[in-house]
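**Student:** build me a structure from this.
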Amino acid sequence: MDAKIFSTEGKEAGKISLPEAVFGVAWNPDLVHEVVIGMQANARAGTAHTKDRSEVRGGGKKPWKQKGTGRARHGSRRSPIWTGGGVTFGPRSEKDYSVKINKKVRAKALATVLSKKVADNEIIFVDNLAMNEPKTKDAKAAFKAIADASGNEAMARKRKNAALVVLPARDIATEKSFRNFGNIEVAQAKDINPVDLLTYKYVVMAAPKESVEILEKRIAATKSN
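**Tutor:** Numbers count the residues shown, from 1 in each chain. Have a look, this model is predicted:
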């Protein structure tokens, strides 16, 4: 399986042979859904917390005597039916939302999404995206040239979640160059996951030889275990 490589000037710069184990996996929506939901659950902070009747202030004294007032009997102002009382069945911070995801299942989901993106022509391979210095103007020009050359002109016009830029290693200048775009995210090949890939419509993969090699090693590592 071969794919074209483009330059930041919007020209074809060669081809790359893509490994079937990473970019030739059949689409499996159930597997992807399971992994994505699990990852989102694991990322959930679970900090929402309400106080029950044992935690709210007050309530030491009975509001009024049991009999003779004509009113309903009450024993504490901390009762959930009182304003300022405890909350019944509210969210509690001690609840654990984490889900175990098998490493092989996670790796297969990653390969499945990458394969789907390639099949839909939503992954664009760029020979080099390294910037000499942080410059948003240069990043914007390169991004538009890449979009036009690859036939994905809509990528440059998309206002939200347009593209995930994948780098083989940390590049501060490149990251800062794209940081001012609200519709673009920059990540390293060693860190991308199905949630990231599905959040953004397009994937711009820089230095494809190195990036693909990193992805291939990630997926192969789980098969050998």
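
**Student:** can you pull the pLDDT of R157?
**Tutor:** pLDDT, R157: 88.

**Student:** burial of it, as a residue count?
**Tutor:** 10 (other C-beta atoms under 10 Å). C-beta coordinates here come from the backbone N, C-alpha and C atoms, glycine included.

**Student:** so who does it touch?
**Tutor:** By C-beta atoms under 8 Å, 6 or more residues apart in numbering, no residues touch R157.

**Student:** in three-state terms, label the residue of the chain positioned farthest from its centre for me.
**Tutor:** Going by C-alpha atoms, centre = their mean, the residue of the chain most distant from its centre is G68, 62.2 Å out. At G68 the chain is in coil, as set by DSSP: H, G, I helix; E, B strand; the rest coil.

**Student:** now swap in D148 and tell me
**Tutor:** Assigned with three-state DSSP, D148 falls in the helix class.

**Student:** these two touch, right, it and G10?
**Tutor:** Yes - between D148 and G10 there is a contact under C-beta atoms under 8 Å: 5.7 Å.

**Student:** and the helices in this protein, which stretches?
**Tutor:** Ranges of helices within the chain are 20-23, 29-42, 103-119, 136-150, 154-157, 172-178, 194-199, 208-224, based on DSSP state H.

**Student:** now the second one: buried residues?
**Tutor:** Within helix 29-42, the residues that qualify as buried by neighbour count (16 or more other C-beta atoms under 10 Å) are 31-32, 34-36, 38-39.

**Student:** can you check the fourth one too?
**Tutor:** Taking 16+ other C-beta under 10 Å as the basis for neighbour counts, the residues of helix 136-150 that come out buried are 139-140, 142-143, 145-147, 149-150.

**Student:** and if you look at the third one?
**Tutor:** Neighbour counts using 16+ other C-beta under 10 Å place 106-118 of helix 103-119 among the buried residues.

**Student:** and the first one, by the same measure?
**Tutor:** Of all the residues in helix 20-23, those buried under the rule 16+ other C-beta under 10 Å are 21-23.

**Student:** and that helix, what does it pack onto?
**Tutor:** helix 103-119, helix 208-224 (3 or more C-beta pairs under 8 Å, 6 or more residues apart in numbering; DSSP states H and E).

**Student:** let me know the average pLDDT across the first one.
**Tutor:** Per-residue pLDDT over helix 103-119 has a mean of 96.

**Student:** that one - contacts with which helices or strands?
**Tutor:** Contact here means 3+ C-beta pairs under 8 Å, 6+ apart; on that basis helix 103-119 packs against helix 20-23, helix 29-42, helix 194-199, helix 208-224.

**Student:** make JSON lines from the ones you listed and add distance to A163 and mean pLDDT to it.
**Tutor:** Below are those laid out as JSON lines (distance: least, C-beta to C-beta, whole Å; pLDDT from 0 to 100):
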{"stretch": "helix 20-23", "distance to A163": "18", "mean pLDDT": "94"}
{"stretch": "helix 29-42", "distance to A163": "19", "mean pLDDT": "96"}
{"stretch": "helix 194-199", "distance to A163": "10", "mean pLDDT": "96"}
{"stretch": "helix 208-224", "distance to A163": "15", "mean pLDDT": "89"}
